[in-house]
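Student: Mind looking at a prediction? Sequence and model below.
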Amino acid sequence: MKRERFSTRIGFVLTSVGCAIGLGNIWRFPYIVGQYGGAAFVLIYLLFLALLGFPMITMELAVHRASRKSVTKSFDFLEPPGTKWHLIKYPAFAGNYLFQMFYTTVAGWVLIFAVYMMCGRFEGKDLGQIQVIYKDMMINPVQMSLVTVFVIVISFLICGAGIRKGVEKFCTLITGGLFILMFVVLVYVWTLPGAAEGIRFYFMPDFERLTAHGIWEPLNAAMTQAFYTLGIGMGSIGVFGSYIGKEKSLAGEALTIVALDTLAALLAGAIIFPACFSNNIQPDSGPSLVFLTLPGVFASMPGGRLIGSFFFTAVLFAALSTVITAFANIVSMAVDLWNCEAKRAVWGNIIAMIVLSMPCILGFTLWKGVKPFGEGSTIMDLEDFIVTNNILPFGSMVYFWFCVSKRGWGWDQFLREADTGSGMRFPKRIFSILKYIIPVLITVSFLAGYYSKFFKV
């Protein structure tokens with residue numbers, strides 16, 4: 001079966017960026033920046049992006065462009081005879097499903113809040129009243145099921161139209177729209193009274209605040225954010241390398257993807273901090289920042305309903321682009337693994353994903369008694385932990401050793417593929433040092449995830 005191709009380079013880049021940009025950029029990044037000292041933390045985060053994000057994205061793209069397959073078949077195609085690298089397909093396959101089992105639910109939350117903001121539901125509401133709205137949403141299984149099913153069906157139907165007519169076309173539109181909306185909101189909030197204090201906080205390093213938690217905690221937070229913002233290790237972005245030609249080298253493409261993903265995160269911070277400071281609200285309020293703090297911030301500012309609608313639409317675009325590209329990978333995996341038609345894979349996965357998303361939704365209502373990590377934890381926490389703290393680091397380590405080991409695809413083969421085409425060459429001199437650092441960083445990230453989950457008081 002002939003593999004489809006992206007129609008344009010910009011379509012490939014924006015689709016890949018759409019996969020990378022998600023709620024981690026807009027939801028998690030701003031509050032951990034606020035917690036760990038503004039620009040001081042951002043500098044460390046950028047360092048880890050260079051050490052981990054750029055080389056690992058290049059490797060994923062190289063593996064999938066060379067094989068013209070998804071993760072379910074790429075290692076089978078490239079591995080030396082008699083080796084077992086292809087076994088990575090099983091955890092990667094499971095990881096892509098597990099990730100969407102809870103991410104589609106969160107995308108449903110964003111959809112609901114975007115509609116609430118447009119309809120003026122938050123106008124005149126204080127934080128306590130917004131908390132009630134949020135809790136009512138969480139404990140309504142019918143509403144949550146309906147919006148989640150809507151997200152799943154729409155996203156898979158877009159994938160069913162194909163890479164060019166569906167995924168590329170839609171992701172180019174919404175990823176471009178996301179940046180436009182964020183720039184519009186940015187211009188507005190920077191003109192608010194008191195916004196200058198938030199801008200200073202964001203762009204002026206505060207090393208005292210950075211080290212207030214000790215040096216290890218912010219270092220680990222920066223490394224974890226850099227590692228997981230790109231979703232490396234499951235072939236989620238790499239699969240789009242299988243739909244491109246060899247006209248451009250891959251290091252430049254990887255650098256562009258990482259840069260635009262980072263720009264989205266930085267823009268989110270540049271919006272949220274001035275908005276919070278103009279309303280005398282601390283921007284380190286944790287994951288509730290987007291769903292509890294910001295609706296109140298926008299509701300209290302002049303023209304806030306319109307600006308808040310723009311912002312939550314941008315967040316919705318970020319969530320949907322991740323869901324659509326993840327589903328495109330799932331469809332590609334099914335087609336490669338079972339040699340079935342894409343349309344059959346789409347309809348089969350619509351049913352499967354609706355069923356698989358239910359435990360997460362019910363974990364806040366009918367199954368709230370299931371607390372995998374003790375009081376306050378939910379089924380979503382378990383699903384998230386399996387993916388982010390286990391499958392992603394394990395998969396990343398496999399991709400890394402496959403590309404550098406003589407018993408895998410090998411360093412020479414990787415470089416040949418990465419450097420094919422015009423453009424930036426992979427910096428092999430620097431990587432001769434990084435190849436000793438990257439496994440350490442991945443291992444530390446894996447162990448730190450277990451420490452923070454089970455041992456940190």
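Tutor: The structure has been received and is ready for your questions. Numbers count the residues shown, from 1 in each chain.

Student: wait, what's in contact with residue 101?
Tutor: Contacts here follow Cβ atoms under 8 Å, 6 or more residues apart in numbering; on that basis residue 101 touches 353, 356-357, 359-360, 383. C-beta: built from backbone N, CA, C; applies to glycine.

Student: quick one: which of those is nearest to residue 148?
Tutor: Using Cβ to Cβ, residue 357 is the member of the contacts of residue 101 that sits closest to residue 148, with 5.3 Å.

Student: Most neighbours among the contacts of residue 101, which one?
Tutor: Neighbour counts for the contacts of residue 101, by other Cβ atoms under 10 Å, peak at residue 360, which reaches 27 neighbours.

Student: Report the rounded mean pLDDT for the helix or strand harbouring that one.
Tutor: Assigned by DSSP states H and E, residue 360 falls within helix 342-362. The pLDDT scores in helix 342-362 average 96.

Student: which helices and strands does that helix pack with?
Tutor: helix 89-119, helix 141-160, helix 304-338, helix 379-386 (3 or more Cβ pairs under 8 Å, 6 or more residues apart in numbering; DSSP states H and E).

Student: How many neighbouring residues does residue 40 have?
Tutor: 19.

Student: List the contacts of it.
Tutor: So residue 40 contacts 205-207, 209-210 (Cβ under 8 Å, 6+ apart).

Student: Residue 176 now?
Tutor: residue 14.

Student: and if we set it to 10 Å?
Tutor: 10, 14, 17-18, 317 (Cβ atoms under 10 Å, 6 or more residues apart in numbering).

Student: wait, which of those is closest to residue 329?
Tutor: The closest of those, once distances to residue 329 are taken by Cβ to Cβ, is residue 18, at 12.1 Å.

Student: hang on, that closest one is in a strand, isn't it?
Tutor: No - under DSSP: H, G, I helix; E, B strand; the rest coil, residue 18 sits outside any strand and is assigned helix.

Student: residues in contact with residue 92?
Tutor: Counted by Cβ under 10 Å, 6+ apart, residue 92 has contacts 70-72, 74-75, 233-236, 329, 333, 391-392, 394-395, 398-399.

Student: can you rerun that using 8 Å?
Tutor: Applying Cβ under 8 Å, 6+ apart, the residues near residue 92 are 71-72, 233-235, 391, 395.

Student: Make TSV out of those residues and add pLDDT.
Tutor: Output for the contacts of residue 92, formatted as TSV (pLDDT from 0 to 100):
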residue	pLDDT
71	95
72	94
233	89
234	91
235	91
391	92
395	93
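
Student: between those residues, which is nearest residue 371?
Tutor: Ranked by distance to residue 371 (Cβ to Cβ), the contacts of residue 92 are led by residue 391 at 22.1 Å.

Student: which SS class is the closest residue to residue 420 other than its chain neighbours?
Tutor: Among residues not flanking residue 420 along the chain, residue 246 sits closest, at 4.9 Å (Cβ to Cβ, 6 or more residues apart in numbering). Put simply, residue 246 is coil when judged by three-state DSSP.

Student: now the helix or strand encompassing residue 415: how far from the chain's centre is it?
Tutor: Element membership of residue 415 [criterion: DSSP H and E] is helix 411-418. Its chain's C-alpha centre and that of helix 411-418 lie 27 Å apart, by Cα atoms, centre = their mean, to the nearest Å.

Student: Name the residues that touch it?
Tutor: Contacts of helix 411-418 (Cβ under 8 Å, 6+ apart): 58-59, 61-62, 65-66, 78, 249-251, 403-404, 426, 428.

Student: which one in those residues is the model shakiest on?
Tutor: At the low end of pLDDT for the contacts of helix 411-418 is residue 428, which has 84.

Student: Report how many residues lie close to that one.
Tutor: By other Cβ under 10 Å, neighbour count at residue 428 equals 15.

Student: what residue ranges in the chain are flagged as low confidence?
Tutor: 1, 282-288, 456-457 (pLDDT under 70).

Student: before we move on, could you check phi and psi at the residue nearest the centre of it?
Tutor: Per Cα atoms, centre = their mean, the C-alpha nearest to the average position across the chain is that of residue 22, at 4.1 Å. Dihedral pair for residue 22: phi -150, psi -160, per degrees, to the nearest 10.

Student: still on that earlier bit, for the contacts of helix 411-418, give me TSV that also has distance to residue 340 and secondary structure.
Tutor: Converted to TSV, the contacts of helix 411-418 look like this (distance: Cβ to Cβ, whole Å; DSSP: H, G, I helix; E, B strand; the rest coil):
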residue	distance to residue 340	secondary structure
58	31	helix
59	28	helix
61	25	helix
62	27	helix
65	23	helix
66	24	helix
78	23	helix
249	33	coil
250	29	helix
251	34	helix
403	30	helix
404	34	helix
426	35	coil
428	40	helix
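
Student: What subset of those residues is buried?
Tutor: Neighbour counting with 16 or more other Cβ atoms under 10 Å marks 58-59, 61-62, 65-66, 78, 249-251, 403-404, 426 as buried within the contacts of helix 411-418.

Student: residue contacts, the closest residue to residue 95 other than its chain neighbours?
Tutor: Closest residue to residue 95 apart from its sequence neighbours, by Cβ to Cβ, 6+ apart: residue 391 at 3.7 Å. By Cβ under 8 Å, 6+ apart, the contact list for residue 391 reads 91-92, 94-95, 98, 233-234.

Student: if I look at residue 391, how far off is residue 424?
Tutor: In this view, residue 391 and residue 424 are 30 Å apart by Cβ to Cβ, to the nearest Å.
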